[in-house]
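Participant: After the sequence you'll find the predicted model.
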4 protein chains.
Amino acid sequence: MQEQYTLRIDCPDEKGLVHKITGVLYHNDLSVIRNDEFVDRENAHFFMRTEFAGNTDENKIISGLIGILPNNANVLLNKVRKKNIVILATKEHHCLGDLLIRHHFGELSANILAIVSNHKTLMSLTEKFEIPFHYLPHENKSREEHEAEVLTQINAYNPEFLVLAKYMRVLTPQFAAQYSNKIINIHHSFLPAFIGASPYRQAYERGVKIIGATAHFVNENLDEGPIIAQNVIPIDHTEDAANMARLGKDVEKIVLAKALKLVFEDRVFVKDNKTVIF
Amino acid sequence: MQEQYTLRIDCPDEKGLVHKITGVLYHNDLSVIRNDEFVDRENAHFFMRTEFAGNTDENKIISGLIGILPNNANVLLNKVRKKNIVILATKEHHCLGDLLIRHHFGELSANILAIVSNHKTLMSLTEKFEIPFHYLPHENKSREEHEAEVLTQINAYNPEFLVLAKYMRVLTPQFAAQYSNKIINIHHSFLPAFIGASPYRQAYERGVKIIGATAHFVNENLDEGPIIAQNVIPIDHTEDAANMARLGKDVEKIVLAKALKLVFEDRVFVKDNKTVIF
Amino acid sequence: MQEQYTLRIDCPDEKGLVHKITGVLYHNDLSVIRNDEFVDRENAHFFMRTEFAGNTDENKIISGLIGILPNNANVLLNKVRKKNIVILATKEHHCLGDLLIRHHFGELSANILAIVSNHKTLMSLTEKFEIPFHYLPHENKSREEHEAEVLTQINAYNPEFLVLAKYMRVLTPQFAAQYSNKIINIHHSFLPAFIGASPYRQAYERGVKIIGATAHFVNENLDEGPIIAQNVIPIDHTEDAANMARLGKDVEKIVLAKALKLVFEDRVFVKDNKTVIF
Amino acid sequence: MQEQYTLRIDCPDEKGLVHKITGVLYHNDLSVIRNDEFVDRENAHFFMRTEFAGNTDENKIISGLIGILPNNANVLLNKVRKKNIVILATKEHHCLGDLLIRHHFGELSANILAIVSNHKTLMSLTEKFEIPFHYLPHENKSREEHEAEVLTQINAYNPEFLVLAKYMRVLTPQFAAQYSNKIINIHHSFLPAFIGASPYRQAYERGVKIIGATAHFVNENLDEGPIIAQNVIPIDHTEDAANMARLGKDVEKIVLAKALKLVFEDRVFVKDNKTVIF
C-alpha cells in the first residue's frame, strides 16, 4: 500500500517553477494524483499544491525541492491524515451538532479531541458522541483570566487547529497570535458587511435582500481575517431578524463544514490577508 | 376592454383592513387579479397591493377607501401603463445597452424619454435606438453648476423616475431630495459591503469569495437608500479586480433591470429605509 | 394566552372570496397574524392561508366559512402544534442526523415517534437521541411482505406524516396510497432530471455543471409526486460521481429540512400534481 | 511586444507529462501566464491548457511537444485572437441583442461575420450594428432544402464557430456533423430536464421550483451534446409558463455569453460527451 501525500509550495514567482518542481517528483518516481498551481501576478507570487502517492523518503523530496526553489519558499509536505482539533462553542447547537455528526461518521477529515465552552448548554449533546466537554464559565473573571483558563485547557490537547463553532466570546489578539492561521471562525454575515455583534439585526435594519455567512481565519482584528468560504441565501421583507437568524443557521453550518474540509485537507494557502484555495 | 389598475395602500395596522379594503373592491364589482398584503409586526404597519380589472370611477374607489382606512393611510391607484423615465449614464455601456434593448422590444414597463451623460461615450449606442442623448460634461464646472444643468435638462422631460445606469457622479442631497424615492441606482457591490468608490478593488483586497450588485433608491446618503434587489456570483482567487469588474457587469445589468420592473409595476413600497415588494 | 391557528382554504375561484373569508374572521374578533392568497388563473382555483390568534369556537369558524364558500371548498383549520411523524431511513446518515439534531432542540415542528429502517446502520445514532428504532430487514422477503411489516410497524404509531430520509426502497403504489400526500421524500437530483437510481452517476455521465436535490410528496409514480422544494450547487469536471454524491448530501439535508418545515406548518397546498406554498 | 498563445493538450495520462510539457516551454524561454491541468482518473486521460507569452517559432514548440507526448495526443496551439463566428437566430431578441451589444464594445472574443435567420424579426436590430443579416425563410421548403441554403450562406463566411442564439429549427445530424463541436446552442432548460419543445411549459406542468438554461455543443442528438455552462433561478407557484419564459430569458442570455467566452478563449476541451473547462 502506497502512502498518499500533499505537497504545498508558495514562493516568489520565477520562470520554470512548475517544470522544476514536477521534475523532483518525476525523478523520485512518484505518481501525481492532482496538481494545481496559481500565480498571483499582481504580487508575482507562485502557489502550487500536489497530491501524490508513493513510497518515498520525505527528507529526500524536501531537500530536492529546496535545491531548486528560491530561498524564501514555503514548503509543506504532509502525509494525508486527519488533523487534531479542539472546538469552542457557546450555546447555539447547529454548527457543533453538524460537526459532531460528520465526525461520528468519519467525514470531517479531523479528530475532535474536545469541546470547550463557556456555557453548559451543549454538554449533553457532546457527551452523546463521547467527546470530552470542558465547561469553563466566564462569569466573574476578567477576559484575560478566562482566556488563560481556556488556553490551558486547549493546549493540554496539543491541537493543530481550533474551530470556533459559534463561540460568542471575542478573542484577544494575544490568543489569536498563539494559533496564527490555525483558528477558523464562522461569522453569521456576508463579510465585510455587518462586522461585529448582531449581524442579522443589522441586516434586518438595513433591509438587505440577501443574507450570508463567512468562514475565515481569525487574526488580531475581529472579523477581518482571511476569508475561506462564503455563501448566501435570498430573503425578503417577510423575514424579521429572528427568522433571518434561523434561516442563516443552515448557511452557517454548511459554510463552516466546507471551510474546515478545505483547511484540513491542506488546500488553503494564506498569503497576506487572503486565501488561495485548490 | 376593461382597464387594469394597481392599488397600493399602506397604513398603521388595525383589525379588519383586508376585509374592509376588499369590500370596497367587491362592492364596486371589480375583478381582483392578484392581491398581496403584509403586516410589519415590529412596526405595526400594514401594506397591501391589489391588481384588478374593471370599468370604474377611480374617484369613487378612492373615496370608498378613504372612508374605511385610518386617516394617515397612503393610497395609490394607478392605471397599468408604462412609466416615463430619464436615464443617466457615464461611460460603461452594459446597463444602458441592456435597458435600450429591453425598451426597444417593449419589455421595460417604461418609456425612455432621454439619456443624459457627462461623457460622449454612449452617444452613438443611444442614437442607434433613436433616443435623445444629452451630453453635459462636468469639466470646469462646480458640482452644483453641473447638477443644475443636468436637472434642468431632466426636468424638461418631466419624468416620473430617474435611473442611474452606472452614472459615476455623486448626487448632492439637494438633487436627491427633488426626486425622493424616484431615483434608482445600481451599485456594483453587495451593499452594505464596499460602500463608495472602487468596490471591486475593495472586494479584491478583502479577498471575498462572492461578489454582487445592489439596486436601490437614492437618498441623501451615498449608497444608503432603500434596497430593491441584490444578487451575487461566486468568485475565487484566480479573479483579479479587473476580472471581478467584468464578471460583475452581468450581475449589475440583470439586478438593475429586475429592480426597475418591480418599481415601474408599482410593486415596491418604501417605508423608512426599507422596501416591501410584492 | 390566546391559541394560534392556521386556516387553509382552496376552492374554485369566484369574486369576493377574500372579502367574505376575512369577514368571518373579523366578525369573530380574531387577530390575523399573516394572510396569503393566490389565484391559479389558468385553472381558476383559489388558495388562501391565514394565521390568526384568538380564543374561539372552532366549529363556529368552520360553519361560518362553509356558509360563504362554494360547496366543494377544502377547509383545514389547525391549532398550531407539532405534527407526529415516523421517519424511514436506510444506511445514509446525513438526512437522519440532521433531523435528529433539529428535533432534539425543538426545531423540527414535529415529534419524531420512531425510525424504521431496513438496515441496522443508523440504530446507534438514533438511540443516542432516545428515539425508538425498528430494524425491519428486507432480505428473504417479497416486496409486499416487507412492506406489510413496515406498514404495521408504522401504523402502530398513528403518524400524520412519513418522512423518507434516504430510504432506498421503492414504495408500491398501494403503500403510497395509504398515506396520500402525507409522505415526503428527498430525491438526490434536480427532478425531473435523473429520475430513478444512481442520479449522481447519471449526472456525472451526462457532464452537467449543476447538481441538486428535490423534496417531494410521494405518489404512485416513482419520483413524480408534487415538488415541495429544490436546491442546487455548481460543480465542474474535477468532481467524479463519488464527490458529487458527497457534495450533494449537504444540499439534500437542507432541502429536506426546509420542505418538512413548510409541510408541518401547514404551508403547502397540493393541487393536482403541484404545490402552492405560502 | 510579445505574442500571447494558448496551448491545449489532451492525451492518455502517463507519468511526467506536466514536467515534460513545461520543459518544452521553459527551454524555449517562454513566460507561462497561466497553467491548468486535470487528469480524468476514471478514464486515465490528461488535459492541460497553458497561456504563455513570447516571441517564438510555433513549429518548434509543436515539434518539441510531439517529441515528448504520446502518439495520440491532441495538441492545439493558437495565437490569442478573436474567433470568426456566424450567429443563427429566429424571433427572440434577448440573446442576439446581448451578443450584439457585447460585440459592439469588443467584449465577445469574437468577430460576428453575419446573422442568419428564418424570420425577418431581428433584421432591423442587427442592422443597427452594421452586421449583415441574411433572411432565409423556411416556408415551403423541405428541411433539407432550407438547411442547404443556410449552410451555403454560412459557409460563404468560413466561420470557426456557429452560435444558435435561440434558433428554433432542429438541425439535422448532417448539418451538425459539418461543424462538429463548433456549434454552441442555448437550451431554455436545465438539461437533461425538459428536453425538446416548450421546456418552460413542461416546467410549469411539472411544478418545479427552479428553472434554468444550458449552453451546449450541438451533436447529432437533439439537446444531448456536451454541456458547457448552466445556471438556474428559483421560481414559485405564482409564475405561470409565460412568466417563467420571461424570467428565463435573462438566465439564457448570460449563460450563452459565458459559454461563448469560454469556448472562444480556447478554454473548453470536449472529450466523449463531456467538457473539461479551465
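Facilitator: Right, received. Where do you want to start?
Participant: show me what contacts the residue nearest the centre of chain A?
Facilitator: In chain A, the residue lying closest to the centroid (C-alpha atoms, centre = their mean) is residue A:184, at 4.0 Å. When contacts are counted by C-beta atoms under 8 Å, 6 or more residues apart in numbering or on different chains, residue A:184 touches A:161-164, A:215-218, A:228, A:256, A:259-260, A:263. Any C-beta I mention is one placed from the backbone N, CA and C, and that applies to glycine too.
Participant: how near is it to chain C?
Facilitator: Using C-beta to the nearest C-beta, to the nearest Å, residue A:184 is found at 17 Å from chain C.
Participant: ok, now residue A:114?
Facilitator: Counting by C-beta to the nearest C-beta, the separation of residue A:114 from chain C is 18 Å.
Participant: Near chain D, which residues of chain A are found?
Facilitator: If contacts are counted using C-beta under 8 Å from any C-beta of the partner chain, the residues of chain A sitting beside chain D are A:15-16, A:18-19, A:22-23, A:25-26, A:29, A:31-37, A:39, A:41, A:234.
Participant: which non-adjacent residue is nearest the closest residue to chain D within the stretch 101-250 of chain A?
Facilitator: Closest to chain D within the stretch 101-250 of chain A is residue A:234: 7.4 Å, counting by C-beta to the nearest C-beta. Once flanking residues are discounted, residue A:234 sits nearest to residue A:210: 5.5 Å by C-beta to C-beta, 6 or more residues apart in numbering or on different chains.
Participant: just checking, that neighbour touches residue B:192?
Facilitator: No: the pair residue A:210 and residue B:192 does not pass the contact test of C-beta atoms under 8 Å, sitting 11.6 Å apart.
Participant: Just give me the longest helix of chain A.
Facilitator: helix A:241-264 (DSSP state H).
Participant: tell me the angle that helix makes with helix C:241-264.
Facilitator: Calculated by axes from the mean of the first three to the mean of the last three C-alpha atoms, to 10 degrees, helix A:241-264 forms an angle of 170 degrees with helix C:241-264.
Participant: ok now helix A:241-264, how far from the chain's centre?
Facilitator: How far helix A:241-264 lies from its chain's middle: 13 Å, per C-alpha atoms, centre = their mean, to the nearest Å.
Participant: And stretch A:255-275, by the same measure?
Facilitator: 5 Å.
Participant: still on that earlier bit, for the residue nearest to residue A:234, which residues are in contact?
Facilitator: When contacts are taken as C-beta under 8 Å, 6+ apart, residue A:210 is in contact with A:190, A:232, A:233, A:234, A:235, B:190, B:212, B:230, B:231, B:232.
Participant: can you list those in CSV and add neighbour count?
Facilitator: Conversion of these to CSV gives the following (neighbours: other C-beta atoms under 10 Å in any protein chain shown):
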residue, neighbour count
A:190, 28
A:232, 23
A:233, 15
A:234, 15
A:235, 19
B:190, 28
B:212, 27
B:230, 24
B:231, 20
B:232, 23
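Participant: of these, closest to chain C?
Facilitator: Proximity of the contacts of residue A:210 to chain C was ranked by C-beta to the nearest C-beta; the top entry is residue A:233 with 9.5 Å.
Participant: near chain B, anything from the helix or strand just after the longest helix of chain A?
Facilitator: The C-terminal neighbour of helix A:241-264 among helices and strands, as given by DSSP states H and E, is strand A:268-271. No: Strand A:268-271 lies out of reach of chain B by C-beta under 8 Å from any C-beta, never closer than 8.5 Å.
Participant: what element comes up after strand A:268-271 heading to the C-terminus?
Facilitator: Trace forward from strand A:268-271 with DSSP H and E and the next one is strand A:274-277.
Participant: Relative to that following strand, what are the paired strands and their orientations?
Facilitator: Strand A:274-277 sits in its sheet next to strand A:268-271 (antiparallel), going by DSSP bridges.
Participant: Show me the contact partners of the strand it pairs with.
Facilitator: Outside strand A:268-271, the residues touching it (C-beta under 8 Å, 6+ apart) are A:8, A:10, A:40, A:43, A:45, A:47, A:49, A:181, A:217, A:226, A:228, A:262, A:275-277.
Participant: Could you list which of the residues you listed belong to helices?
Facilitator: Assigned to helices by DSSP H, the following of the contacts of strand A:268-271 qualify: residue A:262.
Participant: from the contacts of strand A:268-271, which two are the most distant?
Facilitator: With distances taken as C-beta to C-beta, the most widely separated pair in the contacts of strand A:268-271 is A:43 and A:262, at 21.6 Å.
Participant: Looking at these two, which is more packed in?
Facilitator: In terms of neighbours (other C-beta atoms under 10 Å in any protein chain shown), residue A:262 is the more surrounded of residue A:43 and residue A:262; the figures are 19 against 12.
Participant: The residue of the stretch 101-250 of chain A closest to chain D: what's it in contact with?
Facilitator: Neighbours of residue A:234 in contact, by C-beta under 8 Å, 6+ apart: A:209, A:210, D:234.
Participant: For the last one, give the beta-bridge partners.
Facilitator: Read that as residue D:234. residue D:210.
Participant: From residue C:256, how far out is it?
Facilitator: Applying C-beta to C-beta, to the nearest Å, one obtains 17 Å for the distance of residue D:234 from residue C:256.
Participant: Just the buried subset of the contacts of strand A:268-271, please.
Facilitator: Buried members of the contacts of strand A:268-271, scored by 16 or more other C-beta atoms under 10 Å in any protein chain shown, are A:8, A:10, A:40, A:45, A:47, A:49, A:181, A:217, A:226, A:228, A:262, A:275-277.
Participant: sec struct for residue A:35, please.
Facilitator: Under DSSP: H, G, I helix; E, B strand; the rest coil, residue A:35 falls in the strand class.
Participant: Quick check, pLDDT for the nearest residue to residue A:237 once chain neighbours are set aside.
Facilitator: Nearest residue to residue A:237 in three dimensions, chain neighbours excluded: residue B:276, at 4.4 Å (C-beta to C-beta, 6+ apart). At residue B:276, the predicted lDDT confidence score is 98.
Participant: Spell out which residues sit in contact with residue B:276, please.
Facilitator: Contacts for residue B:276 were tallied using C-beta under 8 Å, 6+ apart; they are A:237, B:10, B:38, B:40, B:47, B:268, B:269.
Participant: which among these gets closest to chain D?
Facilitator: Within the contacts of residue B:276, the smallest distance to chain D is 14.6 Å, found for residue B:38 (C-beta to the nearest C-beta).
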